[in-house]
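> how does the following fold in three dimensions:
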Amino acid sequence: MVAIRTGRYAQPARPSTQAVSVGASIGVITPPGFRGTFRDDDDARGVYSEAAGIARILPRAVAVPADADDVVTLAAWAQSSQTPLIPRGAGSSMSGAAIGDGVIVDLSRLATIGPVDPTTRRVWVGPGAIRDAVDATAREQGLWFPVDPSSGAWATIAGMVSTNAAGPHSMKHGAMRRWVTALECVFDDGSRATIRRGAELPMQAKTVAAIRRFSTQAMSTIFTTAMAEPIAKIRHAGVRKESSGYALVEFAKSGDLVDLFVGSEGTLALIVGIELQLLDRPMGRTSLCAGFTTLEAAVDAAGRAVGLGAATCELLDRTFLDVVRAGAPLVDVSSDVEALLLLDAEAATQAEADTLADTIASAFEAIGATGQTRACDTHAIEQLWHIRHAASPLLATMTDIGASMQFIEDGAVPPQALPEYVRGIRSILAHHGFTGVIFGHAGDANVHVNPLVDVNTPDWRAHVEAALDEVVTLTAVLGGTLAGEHGDGRLRTPFMHRMWANDATVLFDLVKRCFDPRGIFNPGVKVALPGQQPLTDIKYDPALAPLTPAARAALDTVANERAYATFRLDLLER
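Numbering: from 1, shown residues only. From the prediction side, this is the model:
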């Protein structure tokens, strides 16, 4: 089930040979033996106080390891000093898992991509390797990496592992968990080991205290509970995409710790190397866009597309279409269209892809689809898919209406509940006076929401809190999850007791205590801290104390230029 190996795959993109400690804002001492960059000045703390989500938390310090050995040094120091470590990649996390009260561990510099093994079709990468760069390496060998979030241009592989990230192609090929074959981890006491899918637990694994604790305290309990009826106690039945909690059912089925660690959001260990499975690249692709006058028809069509073998199937709700019509009229959409479906038919050849698209188009026509548009060549496909990516950047410019504030943005429900869920979200937004857009992965019934909030109104925060609470209730009633692909983070962890049965939350706590008994790794994520609240400081709040000018300018650059792949400390030097 678990194999142990000394890793050689997480070398730094730009190695540092000497620790740098700048300032002494709060007096954090550089860990002895740490060779990377370590800073606790206000500029550095400020630029790591925000990520892509809505929260702001000033860390105690920032550590940028020079290599995997540096991560070992950090973990051992954190254990002895009782200092929380918050792992972070590109900072594109929406749920608040990449910020926190502790030392931010920026792993983005450990970005190597090893050679592709043509026999196994696998590749080892560092935690900071960028998804699109990994995919480009795979494509040189006629392969590809099928997990394709919209943030692929900057999302780090370890960040994707941490949330069990997904994307449009996950409808057909599954989320991140399926494609991870091994993880090299640094555990709470500084021990370093690799867990590998399908391998037996060797004798030397018993020297890793965290694995030993888990083996003796939790494994049999998880297996017993997961195999008992009703299994719904530790899973959301019918939900096709899940990144909330720990993957207890998947672990119980496989016995592989890899399945448990994928989606654990840096709460069990620090990841310093990942082995990925690659896939043969499909050479044929045809895209199809179709309109539907009711949500029920769109959901029915999405189910048919899934059954026929579509590779992707995205839902663009009326709220999305209204914004796009107003600011970026990219396609001619009839005013009576309630939702658009945008999908891909993919196959080994273009002829096969076209045939599949014909079959799906006929199925759509039979249930009343309107205005079907097809694209086969690269340019036309890009133009058709451009609408999917138009609304979020457009919303970011609509500052006269309010801040684009994703406090409800990753729900997934059983597919048959999707129309009720979307209508419920619309009603909640309207009740609280929020403009916003709703879109997502129709094939997986995973919905993203971009509300616009006017922070100049005196009661804006009360409305945000109430709307979030109402969405939690709606999602729970429909048997869904708050986190389809973005993780629980600090935003959703306080709601675990409302979203999961007690059997599950007890097991989540047991898993956490086995691997991190002193609460060093990303505390407050997956398992709530006493009194933890979902909404603390919101970065859009005009009443917040300002960050330093350098930190503010750097963070504005990240937001305005989508510069998540740019090293934050480099931005401070501009």
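> quick one: secondary structure of Val511?
Secondary structure assignment for Val511 (DSSP: H, G, I helix; E, B strand; the rest coil): helix.
> now do the phi/psi pair for Asp541.
The phi and psi values for Asp541, taken as degrees, to the nearest 10, are phi -70, psi 120.
> same question, Thr378
phi -60, psi -50.
> now do it against Ser287, distance only.
Note on Thr378: its distance to Ser287, by Cβ to Cβ, to the nearest Å, is 10 Å. In this view, the C-beta of every residue, glycine as well, is placed from N, C-alpha and C.
> more neighbours: the two, which one.
With neighbours defined as other Cβ atoms under 10 Å, Thr378 and Ser287 compare such that Ser287 has more, 23 against 9.
> quick check: buried residues in the helix or strand containing Leu491?
Using DSSP states H and E, Leu491 sits within helix 489-492. Going by neighbour count (16 or more other Cβ atoms under 10 Å), the buried part of helix 489-492 is 489-492.
> out of those, what pair is the most spread apart?
Arg490 and Arg492 (8.0 Å; Cβ to Cβ).
> overlap of the contact sets of these two?
95, 534 (Cβ atoms under 8 Å, 6 or more residues apart in numbering).
> picking that back up, contacts for the helix holding Leu491 next, please.
Applying Cβ under 8 Å, 6+ apart, the contact partners of helix 489-492 are 53-55, 57, 93-100, 244, 265, 407, 482-483, 499, 524-525, 532, 534-536.
> what average pLDDT does that helix get?
The average pLDDT within helix 489-492 is 98.
> that helix: what's the following helix or strand?
For helix 489-492, the following helix or strand on the C-terminal side (DSSP H and E) is helix 496-499.
> and that next one, how far out from the chain middle?
19 Å (Cα atoms, centre = their mean, to the nearest Å).
> got it, and stretch 47-66?
17 Å.
> swap in stretch 236-246?
On Cα atoms, centre = their mean, the centre of stretch 236-246 falls 13 Å from the chain's centre.
> now do stretch 349-368
How far stretch 349-368 lies from its chain's middle: 31 Å, per Cα atoms, centre = their mean.
> show residues contacting it.
Stretch 349-368 has contacts (Cβ under 8 Å, 6+ apart) with 282-286, 288, 290, 292-293, 297, 300-301, 304-305, 308-310, 341, 343, 345-347, 369, 372, 374, 376.
> what residues of it count as buried?
Neighbour-count burial for stretch 349-368 [16+ other Cβ under 10 Å]: 350, 352-354, 356-357, 359-361, 363-364.
> what's the closest of those to Val71?
Comparing those against Val71 with Cβ to Cβ places Ala353 closest, at 43.6 Å.
> next one: that closest one, what pLDDT does it get?
Ala353 carries a pLDDT score of 96 in this model.
> which element, helix or strand, includes it?
Element membership for Ala353 (DSSP H and E) is helix 350-366.
> only alpha carbons, please: show that helix as CSV.
The C-alpha trace of helix 350-366 is given here as CSV (Å, rounded to 0.1, in the frame of the first residue of the first chain):
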residue,chain,number,x,y,z
GLN,A,350,-11.1,14.3,-36.5
ALA,A,351,-13.6,12.2,-38.5
GLU,A,352,-14.5,10.3,-35.3
ALA,A,353,-14.8,13.5,-33.3
ASP,A,354,-17.2,14.9,-36.0
THR,A,355,-19.3,11.8,-36.0
LEU,A,356,-19.6,12.0,-32.2
ALA,A,357,-20.6,15.7,-32.5
ASP,A,358,-23.2,14.7,-35.0
THR,A,359,-24.7,12.2,-32.6
ILE,A,360,-24.8,14.7,-29.7
ALA,A,361,-26.2,17.5,-31.9
SER,A,362,-29.0,15.2,-33.0
ALA,A,363,-29.8,14.3,-29.3
PHE,A,364,-29.9,17.9,-28.4
GLU,A,365,-32.2,18.8,-31.3
ALA,A,366,-34.6,16.1,-30.2
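> any idea which helix or strand comes after that helix?
Moving toward the C-terminus from helix 350-366, the next helix or strand (DSSP H and E) is strand 370-375.
> pLDDT (mean, whole number) over that following strand?
Taken as a whole, strand 370-375 has a mean pLDDT of 90.
> any idea how far that strand is from the chain center?
Taking Cα atoms, centre = their mean, the mean C-alpha location of strand 370-375 is offset from the chain mean by 31 Å.
> next, the angle from that strand to helix 350-366.
Here the directions of strand 370-375 and helix 350-366 differ by 170 degrees (axes from the mean of the first three to the mean of the last three Cα atoms, to 10 degrees).
> what sits up against strand 370-375?
Here strand 370-375 has contacts from 286-293, 331-334, 337, 357, 361, 364-365, 381, 383-384, using Cβ under 8 Å, 6+ apart.
> that's all I had, so thanks and see you.
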